[in-house]
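*Asks:* Sequence plus the predicted model coming up.
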2 protein chains.
Amino acid sequence: MTSKVSATELRRFVSDVFRHEGMAAADAGAMADTLVWANLRGVDTHGVTRLPRYLEMIHEGLMNVGAKPAYSHPAPSSLVIDADRAPGPVVLSHAVERLKVLAKEHGIALALVGQMTHSGALGYYTSNLAEAGLACLAFNAGNAFMPYHGARGLALGTNPISIAVPGGDSQPLVLDMASSAVAMGKLTLARKTGTPLEPGWAVDEAGNPTTDPAKAAMSTPLGGPKGSGLSLMVEILASLLSGNPLVADALQKTGEGGKHRQNAMLIAIDIATFVDMAEFGSQVQRLVGALKALPLAAGSVNILMPGERGYLAMIERSASGIPLPPPVVTELAAVAERFKIDPLALQA
Amino acid sequence: MTSKVSATELRRFVSDVFRHEGMAAADAGAMADTLVWANLRGVDTHGVTRLPRYLEMIHEGLMNVGAKPAYSHPAPSSLVIDADRAPGPVVLSHAVERLKVLAKEHGIALALVGQMTHSGALGYYTSNLAEAGLACLAFNAGNAFMPYHGARGLALGTNPISIAVPGGDSQPLVLDMASSAVAMGKLTLARKTGTPLEPGWAVDEAGNPTTDPAKAAMSTPLGGPKGSGLSLMVEILASLLSGNPLVADALQKTGEGGKHRQNAMLIAIDIATFVDMAEFGSQVQRLVGALKALPLAAGSVNILMPGERGYLAMIERSASGIPLPPPVVTELAAVAERFKIDPLALQA
């Protein structure tokens, strides 16, 4: 049976775990906020289910809880962070706070974050900036999970891009999309249940399209050359501009090769520098209203804005709790036992 | 029989046409450069085949050859152009030249261009910036040609995004992709030839997926909610941030409604502010080399980088001429006759 836990208690637990691992309180809080945000939004693949793997990464020396990130400002409106393998949520949360100041000062600001570990849900950072009145574009480069269009075998990350904008009187609009046709989690689920895949979702080891979940070796790039081109550009912007190549190192088995690392580029634009903030907000609401007033397509049950599904989940889960499937509950209980921290208090 | 014309002669002709229409020599030159660049790159849908429609737009008062664009700098690193319905190539070429200076000064720079007419091929501007040592991201918002995911009927533009980066000793890498699954031109061609569409390309009037070219009413958004989310974000960034809503005006039949207008946002990043330019170039080449060394996927004949197909076409067409199908030759001859300008000299 699926258990439920409050967001507050889940944050307390995640924070305790990372404090036990030697993180400063603020950094452990950033880890908790990022992971629990994903659970609240219904993006459970990026929530506390990652915790055991994060702990492994700490013990394997991949994730550095004692990292000393180096900050530099190559230009007044730009921030570069050499993360020293710090967890993504720690350095990206710092980048977000700096971008709020830099974008308001300069109209547009840039952050490059190199050599971090897993970013967590990219939409967490962009929506945070949108709530502060900024438009944000974020690009995250990671390890290989999909082929390059026309080539066989793993080559590129499913590098996500996220774009968020303030929503006026309502929640921000938050687009958060991988450059692959479908998330890896959907392929795994289809394999477990034997459900045929939709055409265009996956290829087999030889690079042939397949709808057989047992033969699906990897996701295809979104729209073929579009998705692989997008992923490649994210690698160039986030990794090469920060001096941390991932793809070439992995393919040529040089440098840090296939070791887990990620890089990100974030651009923040201060809305109020360009248009009246209230007018912008009401124009976004007018646009949303016009789209929602359209007739439904055949088979469609609603017209959702980017990030709206996650927003609705957050309202529901904030009120009634975050569901945790039994294997996750068991894993988290084992962590509590091992670290001698207070076990997760599930809802009655 | 398809005729051929040199790029130089085609530029001369296009420039003469727009000078006849009252444009300044530099502006007519920008029109010629943009249209002929598309033809050279093999993107004939954005080349001189547009000329008759552009002339109609001038005569309908949609495209303003006597436009007085207003320039402002809401922040030192940002440029806003109110285009006064100037043709896209004229104002976007100005924006590109200003961005070269602003990005080198500030590390990152932004241009918003509102109320222009058709942009032409977006990759022309981003590759121009990449050749000057900048990474560029461009977003172009236009009139409705595709549905919003889940809704029926036209709602959004097939709003393209383009990302270009310098290629070191080689040509820039230039991604230029619509947010629709497939270009409108491909649907039109399939309708003419009766060729079945690939699944996921198009929907009928009711919003049902169809592979029947006769029933295909419009292209689908790339990857469903991803493509429509991307298009929506481009509308917000380019149109609402420049104060020129397109989608809401069209759907609510208010303001300028369905009248042809476009808006763009361009972001330029100076590579050399962040990393050594030569090192960046060699890392891009290393990445390209690693991808091209991969085994071919089944059915694939080559591994191309973003923009490489267009680059190869440009080499070929620069040498042997730009092919023009008979209907285009006839149309251009009629324009020459009407305007009393030197007719297009086709290659022998």
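*Replies:* Yep, it's here. Residues are numbered from 1 along each chain as shown, chains lettered A, B, ... in the order given.
*Asks:* mind listing the helices for the stretch 1-150 of chain A?
*Replies:* Counting by DSSP state H, counting those that start in this stretch, the stretch 1-150 of chain A has these helices, from start to end: A:7-20, A:25-40, A:51-59, A:88-106, A:122-131.
*Asks:* Let's have the ones you listed in TSV, adding distance to B:Gly243 and mean neighbour count.
*Replies:* In this view, the C-beta of every residue, glycine as well, is placed from N, C-alpha and C. Below are the helices of the stretch 1-150 of chain A laid out as TSV (distance: least, C-beta to C-beta, whole Å; neighbours: other C-beta atoms under 10 Å in any protein chain shown):
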stretch	distance to B:Gly243	mean neighbour count
helix A:7-20	38	20
helix A:25-40	32	22
helix A:51-59	44	16
helix A:88-106	19	23
helix A:122-131	19	26
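*Asks:* could you redo these as JSON lines and give each row distance to chain B and mean pLDDT?
*Replies:* Output for these, formatted as JSON lines (distance: least, C-beta to the nearest C-beta, whole Å; pLDDT from 0 to 100):
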{"stretch": "helix A:7-20", "distance to chain B": "26", "mean pLDDT": "98"}
{"stretch": "helix A:25-40", "distance to chain B": "18", "mean pLDDT": "97"}
{"stretch": "helix A:51-59", "distance to chain B": "25", "mean pLDDT": "95"}
{"stretch": "helix A:88-106", "distance to chain B": "6", "mean pLDDT": "98"}
{"stretch": "helix A:122-131", "distance to chain B": "11", "mean pLDDT": "98"}
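*Asks:* okay, these in a markdown table with distance to A:Lys259 next?
*Replies:* Shown next, in a markdown table, are the helices of the stretch 1-150 of chain A (distance: least, C-beta to C-beta, whole Å):
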| stretch | distance to A:Lys259 |
| --- | --- |
| helix A:7-20 | 21 |
| helix A:25-40 | 21 |
| helix A:51-59 | 10 |
| helix A:88-106 | 15 |
| helix A:122-131 | 21 |
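*Asks:* what's the distance between A:Phe280 and B:Leu251?
*Replies:* Using C-beta to C-beta, to the nearest Å, we find A:Phe280 at a distance of 18 Å from B:Leu251.
*Asks:* Show me the contact partners of stretch A:250-261.
*Replies:* With C-beta atoms under 8 Å, 6 or more residues apart in numbering or on different chains as the test, stretch A:250-261 has contacts from A:57, A:62, A:85, A:115-118, A:142-144, A:155, A:244-246, A:248-249, B:286, B:290-291, B:293-294.
*Asks:* low pLDDT regions in the stretch 51-200 of chain A?
*Replies:* Scanning the stretch 51-200 of chain A for pLDDT under 70 picks out nothing.
*Asks:* Which parts of it are strands?
*Replies:* Applying DSSP state E, counting those that start in this stretch to the stretch 51-200 of chain A gives strands spanning A:70-72, A:78-82, A:108-116, A:134-141, A:161-167, A:170-177.
*Asks:* Would you mind giving these as TSV with distance to B:His149 and mean neighbour count added?
*Replies:* As requested, the strands of the stretch 51-200 of chain A are exported to TSV (distance: least, C-beta to C-beta, whole Å; neighbours: other C-beta under 10 Å):
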stretch	distance to B:His149	mean neighbour count
strand A:70-72	40	12
strand A:78-82	35	22
strand A:108-116	29	27
strand A:134-141	20	28
strand A:161-167	16	27
strand A:170-177	12	24
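*Asks:* Save those strands as a markdown table, and put in distance to B:Ser127 too.
*Replies:* As requested, these are exported to a markdown table (distance: least, C-beta to C-beta, whole Å):
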| stretch | distance to B:Ser127 |
| --- | --- |
| strand A:70-72 | 30 |
| strand A:78-82 | 23 |
| strand A:108-116 | 21 |
| strand A:134-141 | 19 |
| strand A:161-167 | 20 |
| strand A:170-177 | 25 |
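*Asks:* Nearest approach to B:Thr126 belongs to which of the ones you listed?
*Replies:* strand A:134-141 (15.0 Å; C-beta to C-beta).
*Asks:* Of the contacts of stretch A:250-261, keep whichever come out buried.
*Replies:* A:57, A:62, A:85, A:115-118, A:142-144, A:155, A:244-246, A:248-249, B:286, B:290-291, B:294 (16 or more other C-beta atoms under 10 Å in any protein chain shown).
*Asks:* A:Glu205: neighbour count?
*Replies:* A:Glu205 has 12 neighbouring residues, counting by other C-beta atoms under 10 Å in any protein chain shown.
*Asks:* which SS state does it fall under?
*Replies:* Under DSSP: H, G, I helix; E, B strand; the rest coil, the three-state class of A:Glu205 is coil.
*Asks:* Per-residue pLDDT of it, please?
*Replies:* Listed pLDDT for A:Glu205 reads 81.
*Asks:* which phi and psi does it have?
*Replies:* A:Glu205 adopts backbone torsions of phi -60, psi -30, taken as degrees, to the nearest 10.
*Asks:* OK, contacts around the spatially closest residue to it that is not a sequence neighbour?
*Replies:* Once flanking residues are discounted, A:Glu205 sits nearest to A:Ala217: 4.6 Å by C-beta to C-beta, 6 or more residues apart in numbering or on different chains. Residues in contact with A:Ala217 (C-beta under 8 Å, 6+ apart) are A:Ala202, A:Val203, A:Asp204, A:Glu205.
*Asks:* is it true that the second one touches A:Thr211?
*Replies:* No. Under the criterion of C-beta atoms under 8 Å, A:Val203 makes no contact with A:Thr211, lying 10.7 Å away.
*Asks:* neighbour-wise, which of the two wins?
*Replies:* Per other C-beta under 10 Å, whichever of A:Val203 and A:Thr211 has more neighbours is A:Val203, with 24 against 15.
*Asks:* From A:Leu187, how far off is that one?
*Replies:* A:Val203 is 11 Å from A:Leu187, by C-beta to C-beta.
*Asks:* hey, what's in contact with both of these two?
*Replies:* With C-beta under 8 Å, 6+ apart as the test, A:Val203 and A:Leu187 both reach A:Ala216, A:Met218.
*Asks:* which residues touch A:Asp27?
*Replies:* A:Phe18, A:Val65, A:Ala86, A:Pro87, A:Val90.
*Asks:* Apply 7 Å and report the result again.
*Replies:* Contact analysis of A:Asp27 by C-beta atoms under 7 Å, 6 or more residues apart in numbering or on different chains lists A:Val90.
*Asks:* Could you do A:Ala38 as well?
*Replies:* Contacts for A:Ala38 (C-beta under 7 Å, 6+ apart) come out as A:His46, A:Gly47, A:Gly120, A:Ala121, A:Tyr124.
*Asks:* Name the member of those residues that has the highest neighbour count.
*Replies:* Counting neighbours by other C-beta under 10 Å, A:Tyr124 leads the contacts of A:Ala38 with 29 neighbours.
*Asks:* That residue is in contact with A:Trp37, isn't it?
*Replies:* Yes. Counting by C-beta atoms under 7 Å, A:Trp37 is a contact partner of A:Tyr124 at 4.8 Å.
*Asks:* So what would you say the end-to-end distance of stretch A:194-210 is?
*Replies:* One end of stretch A:194-210 sits 13 Å from the other (C-alpha to C-alpha, to the nearest Å).
*Asks:* Mind listing what's buried along it?
*Replies:* Here stretch A:194-210 shows A:Leu197, A:Gly200, A:Trp201, A:Ala202, A:Val203, A:Asp204, A:Gly207, A:Pro209, A:Thr210 as buried, counting by 16+ other C-beta under 10 Å.
*Asks:* which residues touch that stretch?
*Replies:* Stretch A:194-210 is contacted from outside by A:147, A:152, A:181-182, A:187, A:190, A:211, A:213, A:215-220, B:199-200, B:297-298, using C-beta under 7 Å, 6+ apart.
*Asks:* 8 Å - rerun?
*Replies:* Contact with stretch A:194-210 is made by A:147, A:151-153, A:181-182, A:186-187, A:189-190, A:211-220, B:199-200, B:296-300, as judged by C-beta under 8 Å, 6+ apart.
*Asks:* Could you give me the ChimeraX selection string for whichever of the residues you listed are buried?
*Replies:* The buried residues among the contacts of stretch A:194-210 can be selected in ChimeraX (16+ other C-beta under 10 Å) with this line:
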select /A:147,151,152,153,181,182,186,187,190,213,216,217,218,219,220 /B:200,297
